[in-house]
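>>> quick one: sequence plus predicted model below, questions after.
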2 protein chains.
Amino acid sequence: MMESKPLKIEIIAVGTELLSPYRQDTNSLYLSRRLNDLGMSIRYKSIVGDSWDDLLVCIHNARSRSDLIIACGGLGPTQDDRTREAFAAALGKKLTIRPEILSEIEKRFRKRGLQMTDSNNKQALIPENAEILFNCRGTAPGIWMQDGDKIIILLPGPPAELTSMFEKQVIPRLRKYRRGFRARAALKLTSLPESQVETEISDLYPKNPDSDLTILAVPGQIEIHLSSFSRSSQAEAETELFKLKEPICVRLGDNIFSDSDQELEEVVGSQLIAADATLSVAESCTGGLLGHRITNVPGSSRYFSMGVQTYSNPAKIELLNIRPELIARHGAVSQEVALSMSKGIRDRSGSDFSLAITGIAGPTGGSREKPVGLVFTALSWDNGAEVQCDRFLGHRKTIKFRATQRALDMLRRHLDRRVKT
Amino acid sequence: MMESKPLKIEIIAVGTELLSPYRQDTNSLYLSRRLNDLGMSIRYKSIVGDSWDDLLVCIHNARSRSDLIIACGGLGPTQDDRTREAFAAALGKKLTIRPEILSEIEKRFRKRGLQMTDSNNKQALIPENAEILFNCRGTAPGIWMQDGDKIIILLPGPPAELTSMFEKQVIPRLRKYRRGFRARAALKLTSLPESQVETEISDLYPKNPDSDLTILAVPGQIEIHLSSFSRSSQAEAETELFKLKEPICVRLGDNIFSDSDQELEEVVGSQLIAADATLSVAESCTGGLLGHRITNVPGSSRYFSMGVQTYSNPAKIELLNIRPELIARHGAVSQEVALSMSKGIRDRSGSDFSLAITGIAGPTGGSREKPVGLVFTALSWDNGAEVQCDRFLGHRKTIKFRATQRALDMLRRHLDRRVKT
């Protein structure tokens, strides 16, 4: 293998279920991330069923075009698991029982008070001259073998087994083939449209071909994934990443709510803990999603006191003391009612802050003056309040999510300003 | 092509981003479902980047092993979109401009008040003797061409464009290669563990090799996907499917909440509308998820009146009139408090039914007597109430989801019994 040229890497995912409409290979996403970290990239991904002939054709093609082949799946004890056998046949290698694997599997079964079955014997069959990759999460051992100047790695399909084996036993072996070092970061934003983010940072896209910028957007959230590569050291990769990231952070400023992969509700939770403050919520069109997201964060009982899902007008009147005339005059979807909801829940709970959401999630219920997607979001605190009006596009669930993003982001920015002043 | 043997089908997904850790080919899931409907199955899936050489190698291998090749992506106007050019080069076919495509693209641009760019010219280049598949959702036309006795189909990558083109223009052309007819159904269950479902129906697994049963499970929900195939007619496939499905439905009885792909909250919503009844909720550990799910259903304002997220003890006392002594004696996570919560919210809202959830979602807050995952769920109605105790396994979000499944399923079974008696 020529060390100067990058290895051509191919992932083969084995399993008939991966060709069905119901399941999808996801191991290759993890593998590509970790290979990228070593400066390696994947050239081909192949997916093939358990059929012996198809598997052999796939192995044949992979050997003709790739230098490093990583096959995932088909190492189990059942008859349709034949990855090991197919590779041995393709490479003309004999399979022999390795007693050290048998005793590992036996130990595993004994620990659980079970008897090892005969079918597990098959998992101790390893091609001659191959190295065993022990499996600390399951019975199927992995295999590392040379094929002339090529490398072939067989890994078990279950993600927990595959990742732990790859981290502990494959990455150390791959290090000598590494092409360099990669540093990564992800910036998360909300409250800005994707096109505006693209325009704002269009002159900051990496000129260095070893750096990479990918924008992933879902309605209500944008992630900017950055990575930089260095042939010589992790430190240099980090320096390059910093040079790429810093101007983007300056340009987008406090629109960025996280540079450490936190969700918005986690960021707000940390801010509330830092401020030793509590929060309550009043939700109309989001129906509980805001409280759900807040309470997805472990430890949120420290700052989340109570919430109400006031889906109907009587509920708003009963639980939040909204004056019926206010609803009659402005409608339940109005800035007046949003503000009154946030004040109502703050009074009721005695919390430091409160958020309220009222809007039209659709698909019905819209009008010319108040179309589907119209949402008012209000924030109240000890001596003030603010309200935002948005017109969100998308389906019902999208509008609900975007409304909760807006609410959490209002509180985030408010707490941020407080700390700064 | 021999009509008697099944076509060997290969999907090639083209795009460097599909080899990154961030994106994944999803078109092939849709394609495999629709091909299955025609009695065809996929033999290989290949994923390759925009590199010219890699693409040519991939096309070469696919032509050597498959009879029908469907390539997705790489038909756009930019320089790195080269699927069309690579297939033409591999097959030795000349590309010529087709004026009918140019005028289609021009029309598209004009409609939007835009000027067509020169780069779009490239999209009118079609290999000689190929058929054009017009694109009603975008500018990239698809291509259908013969390669000796093989068929090659090039489709645009964006899912909306691909699916509409496949439905309208590819399926009619594929019909003459169809191997038969497929009927499908999906049964959804909750409140039973996967292993129990497997055991209960183990003798009902299809003996007919043309029928298929796949169990997909996520914590809290099991889906049984059934399909039957007939070489001669859709009616026969439906009959076979019925023979497979019926005994399973009888065996699992009212554990099945849907056989028409509805979510549990949709089923409960329809039941409430049929009963002309209203619902309120009181949530502790689920923090709003139950209300969120209920209000994900369009039209839920007809039956959902109000909810409270009483995360703290003072909130339970303040909003639900729970007696402080009750919490002091039994703890907030107890069947007494769950029942009292459901009665409290029903009284407050005046709804016909109410659901309450209190539990320990973790990761902290558990004890020997009350471990993480312990959840009490209560249902109240005009002249009665019931309460369930569960010990759910999994992480915080899983426990929250499973608790809401339990609550919705209690109400579903109750409403079901009412209708029957």
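It's in. Numbers count the residues shown, from 1 in each chain, chains lettered A, B, ... in the order given.
>>> around chain B, pick out the residues from the stretch 201-350 of chain A.
Residues of the stretch 201-350 of chain A found near chain B (Cβ under 8 Å from any Cβ of the partner chain) are A:214, A:216, A:225, A:281, A:283, A:285-296, A:298-301, A:304-312, A:314-315, A:318-319, A:348-349. Glycine gets a C-beta too; all of them are placed from N, C-alpha and C.
>>> buried subset of those residues, written for PyMOL?
Of those, the buried ones go into a single PyMOL selection, burial set by 16 or more other Cβ atoms under 10 Å in any protein chain shown:
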select buried, chain A and resi 225+281+283+285+286+287+288+289+290+291+292+293+294+295+296+298+300+301+304+305+306+307+308+309+310+311+312+315+318+319+348+349
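>>> elements contacting the helix or strand encompassing residue A:315?
Per DSSP states H and E, residue A:315 falls inside helix A:313-320. On a contact count with 3 or more Cβ pairs under 8 Å, 6 or more residues apart in numbering or on different chains; DSSP states H and E, helix A:313-320 meets strand A:304-309, helix A:324-330, helix A:335-349, strand B:304-309, helix B:335-349.
>>> start and end of stretch A:226-244, how far apart?
Terminal residues of stretch A:226-244 are spaced 8 Å apart (Cα to Cα, to the nearest Å).
>>> same check, this time on stretch A:293-302
This stretch, stretch A:293-302, spans 15 Å end to end (Cα to Cα).
>>> ok, the strand or helix carrying residue A:403 near chain B or not?
Element membership for residue A:403 (DSSP H and E) is helix A:396-420. Yes: for helix A:396-420, a contact with chain B is found by Cβ under 8 Å from any Cβ, at A:396, A:397, A:400.
>>> show me how far stretch A:140-147 is from its chain's centre.
Put simply, stretch A:140-147 sits 29 Å off its chain's centre (Cα atoms, centre = their mean, to the nearest Å).
>>> sorry, back to before: now tabulate the helices and strands packed on helix A:313-320 in CSV and tack on mean pLDDT.
CSV is the format used below for the helices and strands packed on helix A:313-320 (pLDDT from 0 to 100):
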stretch, mean pLDDT
strand A:304-309, 96
helix A:324-330, 97
helix A:335-349, 97
strand B:304-309, 96
helix B:335-349, 97
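>>> just to revisit the earlier point, run the angle between the helix holding residue A:315 and strand A:304-309 for me.
Comparing the axes of helix A:313-320 and strand A:304-309 via axes from the mean of the first three to the mean of the last three Cα atoms, to 10 degrees yields an angle of 160 degrees.
>>> got the CA positions of helix A:313-320 in PDB?
This file holds the C-alpha atoms of helix A:313-320, laid out as PDB (Å, rounded to 0.1, in the frame of the first residue of the first chain):
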ATOM      1  CA  ASN A 313     -60.900  30.200  26.100                       C
ATOM      2  CA  PRO A 314     -62.600  29.000  29.300                       C
ATOM      3  CA  ALA A 315     -59.300  27.400  30.300                       C
ATOM      4  CA  LYS A 316     -57.500  30.800  29.800                       C
ATOM      5  CA  ILE A 317     -60.100  32.500  31.900                       C
ATOM      6  CA  GLU A 318     -60.200  29.800  34.600                       C
ATOM      7  CA  LEU A 319     -56.400  29.100  35.000                       C
ATOM      8  CA  LEU A 320     -54.900  32.500  34.000                       C
END
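>>> any idea what residue A:304 is bridged to?
Beta-bridge partners of residue A:304, counted by DSSP bridges, are residue A:279.
>>> go on, residue A:13?
Beta-bridge pairing for residue A:13 (DSSP bridges): residue A:47, residue A:72.
>>> pretty sure it contacts residue A:72?
Yes: the criterion here is Cβ atoms under 8 Å, and residue A:13 meets it with residue A:72 at 5.1 Å.
>>> compare these two (neighbour count), which wins?
residue A:72 (28 against 24; other Cβ atoms under 10 Å in any protein chain shown).
>>> ok, that one to residue A:156 distance?
From residue A:72 across to residue A:156, the span is 8 Å (Cβ to Cβ, to the nearest Å).
>>> what's the helix holding residue A:315 in contact with?
Contact with helix A:313-320 is made by A:282, A:284, A:308-310, A:322-324, A:327, A:332, A:337, A:340-341, A:344-345, A:348, B:305-306, B:308, B:319, B:348-349, as judged by Cβ atoms under 8 Å, 6 or more residues apart in numbering or on different chains.
>>> returning to that earlier point: now for residue A:13 and residue A:72: what residues contact both?
Joint contacts of residue A:13 and residue A:72 (Cβ under 8 Å, 6+ apart) are A:25, A:27, A:28, A:157.
>>> what about the helices in chain A?
Applying DSSP state H to chain A gives helices spanning A:27-37, A:52-65, A:83-91, A:99-111, A:159-165, A:171-174, A:194-200, A:234-252, A:264-275, A:289-295, A:313-320, A:324-330, A:335-349, A:396-420.
>>> on that earlier part again, and the helices and strands packed on helix A:313-320 as CSV, adding distance to residue B:244?
Listed next are the helices and strands packed on helix A:313-320 as CSV, based on distance: least, Cβ to Cβ, whole Å:
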stretch, distance to residue B:244
strand A:304-309, 42
helix A:324-330, 54
helix A:335-349, 52
strand B:304-309, 37
helix B:335-349, 40
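>>> out of those, flag the one nearest residue B:48.
Nearest to residue B:48, of all the helices and strands packed on helix A:313-320, is strand A:304-309, at 48.2 Å by Cβ to Cβ.
>>> give the contact list for the nearest residue to residue A:275 once chain neighbours are set aside.
The shortest distance from residue A:275 to any non-neighbouring residue, by Cβ to Cβ, 6 or more residues apart in numbering or on different chains, is to residue A:415 (6.1 Å). Residue A:415 makes contact with A:268, A:271, A:272, A:275, A:277, according to Cβ under 8 Å, 6+ apart.
>>> any of these buried? List them.
Applying 16+ other Cβ under 10 Å to the contacts of residue A:415, the neighbour count classes A:268, A:271, A:272, A:277 as buried.
>>> what pLDDT is listed against the first one?
Note on residue A:268: pLDDT of 98.
>>> my guess is it contacts residue A:411, does it?
Yes: with contact defined as Cβ under 8 Å, residue A:268 counts as touching residue A:411 (5.6 Å).
>>> where do the contact lists of the two overlap?
residue A:279.
>>> give me the residue at the spatial middle of chain A.
residue A:261 (8.8 Å; Cα atoms, centre = their mean).
>>> list the contacts for the residue lying closest to that one once chain neighbours are set aside?
Distances taken as Cβ to Cβ, 6+ apart put residue A:186 closest to residue A:261, at 5.7 Å, once the chain neighbours are dropped. Taking Cβ under 8 Å, 6+ apart, we find residue A:186 in contact with A:223, A:224, A:225, A:226, A:258, A:259, A:261.
>>> buried ones among these?
A:223, A:224, A:225, A:226, A:258.
>>> closest to chain B among those residues?
Nearest to chain B among those is residue A:225, at 6.3 Å by Cβ to the nearest Cβ.
>>> do I have it right that the closest one meets residue B:22?
Yes: under the criterion of Cβ under 8 Å, residue A:225 makes contact with residue B:22 at 6.3 Å.
>>> what touches both of these two?
Common neighbours of residue A:225 and residue B:22, using Cβ under 8 Å, 6+ apart, are A:214, A:216.
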